[in-house]
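Q: What follows is a protein structure lacking sequence information:
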């Protein structure tokens with residue numbers, strides 16, 4: 001049996017959801033995974049994200065955002081074959097307008113390692129990445145060359161992903177507003 005591994009960058013998914021959904025509907029993660037897998041057997045779904053930043057001491061709003069995100073991640077962990085991997089969000093300073101600048105740490109590296117190891121150990125025949133980051137290109141090349149894995153990029157509209165990432169994969173599927181409408185979480 002051929003298996004697919006699915007690797008989802010939560011921040012990227014949120015970014016493209018905001019771009020293509022006019023009324024900020026949430027996506028049903030189980031429907032999304034079925035759409036990505038195209039009826040292949042799913043080995044595992046990895047979801048990578050960070051908890052929101054909290055200052056020391058955290059404000060009420062910061063605590064509320066963290067609590068909401070923790071609840072969402074706990075729900076994901078109850079879905080069969082889902083595994084949540086958390087990185088850290090670090091404050092890097094402020095932009096010219098005084099808005100904070102945040103940077104995710106460890107997310108891309110963990111995603112690339114999981115991706116490459118799954119391919120190298122031949123646990124998957126297909127791998128789908130929902131990401132826009134070219135930092136994953138070396139892991140994609142390793143999966144293709146060493147593991148013989150067919151790689152698929154799940155992406156948002158042009159400009160939301162790096163062109164090198166687009167070129168590195170074997171297949172591509174765009175998460176359009178029409179697809180998003182089919183995958184919305186029922187209220």
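A: That came through fine. None of these values were measured; they are calculated from a predicted model.
Q: Where does the prediction get shaky in the chain?
A: Under the criterion pLDDT under 70, the flagged ranges of the chain are 22-24, 187.
Q: Need the contact partners of the lengthiest strand in it.
A: Using DSSP state E, we find that the single longest strand of the chain is strand 82-94. Applying CB atoms under 8 Å, 6 or more residues apart in numbering, the contact partners of strand 82-94 are 29, 44-53, 73, 76-77, 100-107, 110-111, 114. In this view, the C-beta of every residue, glycine as well, is placed from N, C-alpha and C.
Q: which helices and strands does the following helix or strand past that strand pack with?
A: Once strand 82-94 ends, the next helix or strand along the chain (criterion: DSSP states H and E) is strand 100-105. The criterion is 3 or more CB pairs under 8 Å, 6 or more residues apart in numbering; DSSP states H and E, and the helices and strands that strand 100-105 contacts are strand 82-94.
Q: Show me what counts as buried in the strand it packs on.
A: Residues 82, 84, 85, 86, 87, 89 are the ones in strand 82-94 that count as buried (16 or more other CB atoms under 10 Å).
Q: and which of the residues you listed is nearest to residue 179?
A: Lowest distance from residue 179 to the buried residues of strand 82-94 (CB to CB) belongs to residue 82, with 20.3 Å.
Q: Which stretches in the protein count as helices?
A: Assigned helices in the chain, in chain order: 10-20, 29-37, 60-77, 107-120, 137-147, 163-168, 177-182 (criterion: DSSP state H).
Q: possible to save those helices as CSV with mean neighbour count and distance to residue 1?
A: Formatted as CSV, the entries for the helices of the chain read as follows, by neighbours: other CB atoms under 10 Å; distance: least, CB to CB, whole Å:
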stretch, mean neighbour count, distance to residue 1
helix 10-20, 18, 27
helix 29-37, 18, 13
helix 60-77, 13, 25
helix 107-120, 19, 15
helix 137-147, 18, 16
helix 163-168, 15, 26
helix 177-182, 13, 26
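Q: any chance of these in TSV, with distance to residue 155 too?
A: As requested, the helices of the chain are arranged in TSV below (distance: least, CB to CB, whole Å):
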stretch	distance to residue 155
helix 10-20	8
helix 29-37	11
helix 60-77	21
helix 107-120	15
helix 137-147	13
helix 163-168	7
helix 177-182	11
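Q: quick one, which of those helices is nearest to residue 157?
A: Each of those was checked against residue 157 via CB to CB, and the shortest separation belongs to helix 10-20, namely 6.3 Å.
Q: what's the closest one in contact with?
A: Outside helix 10-20, the residues within contact range by CB under 8 Å, 6+ apart are 24, 26-27, 47-50, 104, 107, 130-133, 155-157, 160, 175-177, 180.
Q: Out of the helices of the chain, flag the one nearest residue 96.
A: Using CB to CB as the criterion, the shortest distance between residue 96 and those is 21.6 Å, found for helix 10-20.
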